[in-house]
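Peer 1: Sequence and predicted structure are below.
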Amino acid sequence: MQQPARVPAGVRAGGQFAPDLRPDAGVVLSPAVPAYAERVPLTDAELETLFRDPELPARDEFKALTASLARKHPYEVGRTRIVFHRSDDVLKVPLTDEGLHGSSWEADWSERHGKTGYIPIAEASIEYIDDLPVLRMERVRMPSDDQWKTLPDWTGSVDCAQVGYTATGELVAFDL
């Protein structure tokens, strides 16, 4: 009997963070990679499950890029994108056509409004990897339990209150 494919985790688990140690330097990166981020390569079956949207342009190429990135970086799986944690930023790779449009929208919002609009957003831009558009976004750290209680009203306008602090302490959205 064939075992079902492991489905990668994609749900934020209380905003807990684990130290991300750079093996060559032995220093803690700040902010750290979330403890719930996956750190195992994706199987072909998992990639097929993730890339289920036939409307996503270059679907097979995005699958190959995702497989490659999953071998190098911790990741989280969302509904429309997979997020790869690098040392200073994150990469959001679309899993669906909606994810592709969401990345474009976030890059545009960042370019137009940055951290000065009603909803400040982490710095973001479209970066091309293997000729594929991927959203590169500034890394943020989630608020502590005490900080959640005192967040400004605008955070309620952000999808699932996906907000965090930049390395310089600015509160920003990281998903719109």
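Peer 2: Yep, it's here.
Peer 1: residues contacting the residue nearest to Asp159 when sequence neighbours are not counted?
Peer 2: Distance criterion Cβ to Cβ, 6 or more residues apart in numbering; nearest residue to Asp159, sequence neighbours excluded, is Asp175 at 5.8 Å. Quick note: C-beta positions are derived from backbone N, CA and C, even for glycine. The neighbours of Asp175, taking Cβ atoms under 8 Å, 6 or more residues apart in numbering as the test, are 106, 158-160, 162.
Peer 1: Among the residues you listed, which lie within helices?
Peer 2: Of the positions in the contacts of Asp175, Glu106 sit in helices, assigned by DSSP state H.
Peer 1: Out of the helices and strands in the protein, which is least certain?
Peer 2: Comparing helices and strands within the chain by mean pLDDT, DSSP states H and E singles out helix 145-148 as the least confident, with a mean of 91.
Peer 1: For the next helix or strand after that helix, give the mean pLDDT please.
Peer 2: Read in the C-terminal direction, the helix or strand following helix 145-148 is strand 163-165, with elements assigned using DSSP states H and E. With pLDDT averaged residue by residue, strand 163-165 scores 95.
Peer 1: what's the answer for stretch 112-126, then?
Peer 2: Taken as a whole, stretch 112-126 has a mean pLDDT of 94.
Peer 1: contacts for that stretch?
Peer 2: By Cβ under 8 Å, 6+ apart, the surrounding residues in contact with stretch 112-126 are 103-104, 106-107, 109-111, 133-140, 154, 157-158, 164, 166, 170-174, 176.
Peer 1: And the strands in the chain?
Peer 2: When assigned using DSSP state E, the strands of the chain occupy the ranges 75-77, 81-85, 89-94, 124-129, 132-138, 163-165, 171-173.
Peer 1: Hey, what's the angle from the fourth one to strand 89-94? Just curious.
Peer 2: Computed by axes from the mean of the first three to the mean of the last three Cα atoms, to 10 degrees, the angle separating strand 124-129 from strand 89-94 equals 70 degrees.
Peer 1: Give the pairing partners of strand 124-129; include direction for each.
Peer 2: Partner strands and pairing direction for strand 124-129 (DSSP bridges) are strand 132-138 (antiparallel).
Peer 1: quick one on the thing from earlier: now the strands of the chain in a markdown table, please, with extra columns for distance to Glu38.
Peer 2: Listed next are the strands of the chain as a markdown table, based on distance: least, Cβ to Cβ, whole Å:
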| stretch | distance to Glu38 |
| --- | --- |
| strand 75-77 | 5 |
| strand 81-85 | 9 |
| strand 89-94 | 14 |
| strand 124-129 | 19 |
| strand 132-138 | 18 |
| strand 163-165 | 19 |
| strand 171-173 | 23 |
